[in-house]
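S.K.: Okay, sequence plus prediction incoming.
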Amino acid sequence: MSAVVAIRNATQMLTAEEREHIKPLIENLKDKLKNLNAEASKHDRESKSALAKRTSLIKKLVKIDPHFEDTQQSYQDLETLLENAKSQKSLKEKNDKKRERLQKKWTDSGFEGDCPNLDIDALEQHIKDMIKKQREDKATHKKAQNALVSAENKRKKLFDKLTESGLTPPESATHEELLTFQKQHNAEQKAREKIQRDTEKFRNQLNKLISDNPDAGILDLPQDATPSDLENAVKQARETRDNFRKTLKNKEKESKALERANKKAESDKKKLEAKEQKLADKEAGIKGKNKNEHYQLFTKWIAQEIEHGRIDQSDVDTAGGKGKYNSQRWKELTHEQKIDPTAAWNIAV
């Protein structure tokens, strides 16, 4: 039962004893009416505000999507739909701008045909690949052009160099052909220089062999002799020189052997004469000479040399004294030198 029906029924049941309470009840009802009117007014305002907000959301949605249908969605659902619609609109505007930039990029890059109708990411990657290939093709073309220019510059530089050196290479020769031409010329030049060097080398060697061995009978060659002839002549000259020196050495050996034989014969003769003299003196009763006569004369002569400063006293001291010094010096002499009548110590006899 509603409150109004209950109040109406309760009013019919009031008694005379309760009449004093009717006025306060009326005042309470007036206050209640006032409060209810205020609540109703607030509710109306809130309803109108909610309706206005909902209408505003729907208008915004229709503005973004003209085909939007109002199916009595809740306010919260409408807010969610509006946010999604805004996001989709923003994304679409962003993609449209990006597509415009990509289409402009396609046109500015000079690609053939219309810009492909691909999704944004695929189109962007496709244009990147096309630009990369375009740059690579340009770089390859530029590299090829530079290579051609460089090759021509190298060819011209080499051609001018050969011409300036007095050569006459073919006008239409390529760089490789000019290099071959230069190598052939250099090889010929080196061959000529080698012939000249070898000619001078072997000519100088032959001349020196002839001048150093004038008596060896080395044969000279004419001035127009080839390096090979000169080299063979040098080998023959050295062989002739060596044979000549060998002959001289053998003659020198024979001469020295003859000289030694003569000295030995002279020594043997002196020994024999001394022996015969000794025997003759003995038979004649003449007293023989001191056995160490030559050594005594030698030591006397050493003493004189030391005294006159011709022998350094320090050498005598190093030998261990005069006696040892005399003995060492005496041992250094051969028997022939010891008894040589022309020796300094024997002259004084």
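M.R.: Received it, and whenever you're ready, just let me know what you need.
S.K.: Can you pull out the low-pLDDT segments for the protein?
M.R.: 1, 46, 269-270, 272-291, 348-349 (pLDDT under 70).
S.K.: And it, what are its domain boundaries?
M.R.: By the assignment in automatic domain parsing, the chain contains the domains 20-108, 113-168, 292-349.
S.K.: With distance to E177 and mean neighbour count added, can I get those domains in CSV?
M.R.: C-beta coordinates here come from the backbone N, C-alpha and C atoms, glycine included. Putting the domains of the chain into CSV (distance: least, CB to CB, whole Å; neighbours: other CB atoms under 10 Å) gives the following:
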stretch, distance to E177, mean neighbour count
domain 20-108, 46, 12
domain 113-168, 9, 12
domain 292-349, 83, 13
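S.K.: Which one of those lies nearest to D224?
M.R.: Closest approach to D224 among the domains of the chain (CB to CB): domain 113-168, 26.2 Å.
S.K.: how far out from the middle of the chain is that closest one?
M.R.: Per CA atoms, centre = their mean, to the nearest Å, the displacement of domain 113-168 from the mean C-alpha position of its chain is 30 Å.
S.K.: cool, stretch 325-335 as well?
M.R.: 72 Å.
S.K.: rewinding a little: I'd like to know which of the domains of the chain lies nearest to L219.
M.R.: Shortest distance between L219 and the domains of the chain, using CB to CB, is found for domain 113-168: 40.4 Å.
S.K.: Which parts of the stretch 51-200 of the chain are strands?
M.R.: Counting by DSSP state E, counting those that start in this stretch, the stretch 51-200 of the chain has no strands at all.
S.K.: Break down it into its helices, ranges please.
M.R.: 75-108, 120-164, 175-212 (DSSP state H, counting those that start in this stretch).
S.K.: can you redo those helices as a markdown table with distance to A257?
M.R.: Listed next are the helices of the stretch 51-200 of the chain as a markdown table, based on distance: least, CB to CB, whole Å:
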| stretch | distance to A257 |
| --- | --- |
| helix 75-108 | 113 |
| helix 120-164 | 72 |
| helix 175-212 | 28 |
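S.K.: Those: which one's closest to K235?
M.R.: helix 175-212 (9.6 Å).
S.K.: so the very next helix or strand once past that closest one versus helix 175-212, what angle?
M.R.: Per DSSP states H and E, the first helix or strand lying C-terminal to helix 175-212 is helix 227-283. With axes from the mean of the first three to the mean of the last three CA atoms, to 10 degrees as the criterion, the two stretches helix 227-283 and helix 175-212 enclose an angle of 30 degrees.
S.K.: Going forward, count from 395.
M.R.: Yep, numbering from 395; the last one is helix 621-677 now.
S.K.: who does the very next helix or strand once past helix 621-677 touch, helix- and strand-wise?
M.R.: Following helix 621-677 in sequence order, the next helix or strand is helix 687-701 (DSSP H and E). Identification of packing neighbours for helix 687-701 by 3 or more CB pairs under 8 Å, 6 or more residues apart in numbering; DSSP states H and E yields helix 716-725, helix 729-733, helix 738-741.
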